[in-house]
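K.L.:
Here is a sequence together with a model predicted from it:
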Amino acid sequence: MSAPTHRAVILGGNRIPFARSNKQYAKASNLDMLTSTIDGLVARFGLAGETMGEVAGGAVLKHSKDFNLTREAVLGSALSPTTPAFDIGQACATGLETVVSLTNKINAGQIESGIAAGVDSASDAPIVVGDSLREILLELSRAKTLTQRMRIAAQIRPAYLAPQAPSTGEPRTGLSMGEHQAITTAAWGISREAQDELALASHQGLARAWDEGFFDDLVTPYLGVSRDTNLRADSSLESLAKLSPVFGKRLPEPATMTAGNSTPLTDGAASVLLGSEEWAADHGFTPLARIVDAEAAAVDFVDGAEGLLMAPAYAVPRLLARNGLTFEDFDVFEIHEAFASTVLCHLAAWESEEFSREKLGLDGPFGTIDRTKLNPLGSSLAAGHPFAATGGRIIATTAKYLKLTGKKRSLVSICAAGGQGLTAIVEAA
Ligand SMILES: CC(=O)SCCNC(=O)CCNC(=O)[C@H](O)C(C)(C)COP(=O)(O)OP(=O)(O)OC[C@H]1O[C@@H](n2cnc3c(N)ncnc32)[C@H](O)[C@@H]1OP(=O)(O)O
């Protein structure tokens, strides 16, 4: 018998249809949705009762009680309770980070199988109280007598009761993701028309994929929802052009970002099954693809020197250089559409002689992506973006796409809050 190679392969995925926040899944918790997507995957692959190597998951918006949300999901799932699980936090790149983490563990021989997952619910976002009330409540929980409790409770002032609403604001700048991106969009001169065209292509690609049954073995209906609810199959440039700008109204340049060319706040969960080649063969599973390499980057956005969501513009060139590849070597580009303009800014950076020379240290432009290969099955603008679930959606989609079409290589790129980005090369197995 030959020595185990521990080469990790992607075997399939499962997600629930993504839904716009505060609608169909308004009463579902992160735990409900994460458990459901894992159970759907377990059912599809007949893994009930099995002890998996490890399950990695995460959510960007977590309640403080969710100190190991993924472990709780495993305990509530059909997997054996002896399956270990852990949470990862990498903002919008969390889902991809779980895939990379488990791939590395399998490749290292630490585990033979795993489920990478992610979930987010803007409907079930945690509400936090201010520091003044929090300190009083903590003191109250330590009080031993009624007199102590009454003395401490008397310190509470009506103003302390105002909750701190969750937001997509960057802690260091106070600006929302959309406001940051509006600045970057203007800096790169991305037009409203180009953003709307990308948004339309996303809806058309996703609608086509749904109609062709592509998601039949990747999505399990949930709470009466059987398709991504943000998808507008009848979207048009005319309807997109009518939408009013939502971000960047205070910028000197005309605001160009709208609800149509920005991802909506979304609820959803996604999961990916990974295993070593040996584990897959033992279970009779057909490998779809594998993660060949991954690269993270971070940018200094706080002083405005770089756009908040521009880290992939740096990660991708490093990743490709390390693997001796250029854009011509890829059949598919899966670039997370945080906003249409985010993708367009990345493309513009790679095509820019100035950016490539000054920021990437190259002799000329890094390269141009063949737009017919960009997000062929739509992406986050159409599907929605439940933050930590997006990576799993993209990996499962592109792995199946490679297998189905006989194509060889996909580039996955996800920007994240905090000025970070995570990218990966996926190859057909
Ligand atoms: C790393 C990262 O990923 S960063 C990204 C993180 N994510 C975010 O920051 C979320 C960004 N998105 C948002 O904050 C919100 O979705 C916003 C501000 C863009 C829009 O919010 P809302 O105004 O509540 O959106 P809403 O769903 O009501 O849409 C506004 C209008 O646009 C319309 N609309 C939205 N999309 C489309 C479309 N594709 N085509 C036509 N009309 C559309 C809606 O029907 C609605 O019309 P109505 O007012 O007549 O009902």
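P.N.:
Right, received. Where do you want to start?
K.L.:
what helices or strands is the longest helix that the chain contains leaning on?
P.N.:
Of all the elements of type helix in the chain, the one with the most residues (DSSP state H) is helix 192-211. Applying 3 or more Cβ pairs under 8 Å, 6 or more residues apart in numbering; DSSP states H and E, we find helix 192-211 packed against helix 237-241, strand 257-258, helix 340-351, helix 380-383. For every residue, glycine as well, the C-beta is placed using N, CA and C.
K.L.:
Just the buried residues of it, please?
P.N.:
By 16 or more other Cβ atoms under 10 Å, the buried positions in helix 192-211 come out as 192, 194-207, 209-210.
K.L.:
out of the helices and strands packed on helix 192-211, which comes closest to the ligand?
P.N.:
The closest of the helices and strands packed on helix 192-211 to the ligand is helix 237-241. By Cβ to the nearest ligand atom, the value is 4.2 Å.
K.L.:
Return the distance of the closest residue to Gly418 other than its chain neighbours relative to Asp303.
P.N.:
Leaving aside its chain neighbours, Gly418 sits nearest to Ala91 (5.8 Å; criterion: Cβ to Cβ, 6 or more residues apart in numbering). From Ala91 across to Asp303, the span is 20 Å (Cβ to Cβ, to the nearest Å).
K.L.:
what's around the residue of the stretch 1-150 of the chain found nearest the ligand, how many residues?
P.N.:
Closest contact between the stretch 1-150 of the chain and the ligand, by Cβ to the nearest ligand atom, is at Cys92 (3.7 Å). Taking other Cβ atoms under 10 Å as the criterion, the count of residues near Cys92 is 30.
K.L.:
again with the one 10 residues further on
P.N.:
By the measure other Cβ under 10 Å, the count of residues near Leu102 is 29.
K.L.:
do the same with the one 4 residues further on
P.N.:
Using other Cβ under 10 Å as the criterion, Ile106 is surrounded by 26 other residues.
K.L.:
Setting aside sequence neighbours, what's the nearest residue to it?
P.N.:
Ala8 (3.7 Å).
K.L.:
residues touching the residue nearest to Gly260 when sequence neighbours are not counted, list them.
P.N.:
Nearest non-adjacent residue to Gly260, counting by Cβ to Cβ, 6+ apart: Leu240, 4.3 Å away. By Cβ atoms under 8 Å, 6 or more residues apart in numbering, Leu240 lies in contact with 196, 199-200, 258, 260-261.
K.L.:
Quick check: next helix or strand after the helix or strand of the chain with the lowest mean pLDDT?
P.N.:
Least confident helix or strand, the chain: strand 163-164 with a mean of 72, by mean pLDDT, DSSP states H and E. Per DSSP states H and E, the first helix or strand lying C-terminal to strand 163-164 is helix 177-187.
K.L.:
which secondary structure elements does that next one contact?
P.N.:
Partner elements for helix 177-187 (3+ Cβ pairs under 8 Å, 6+ apart): strand 245-247, strand 257-258, helix 340-351.
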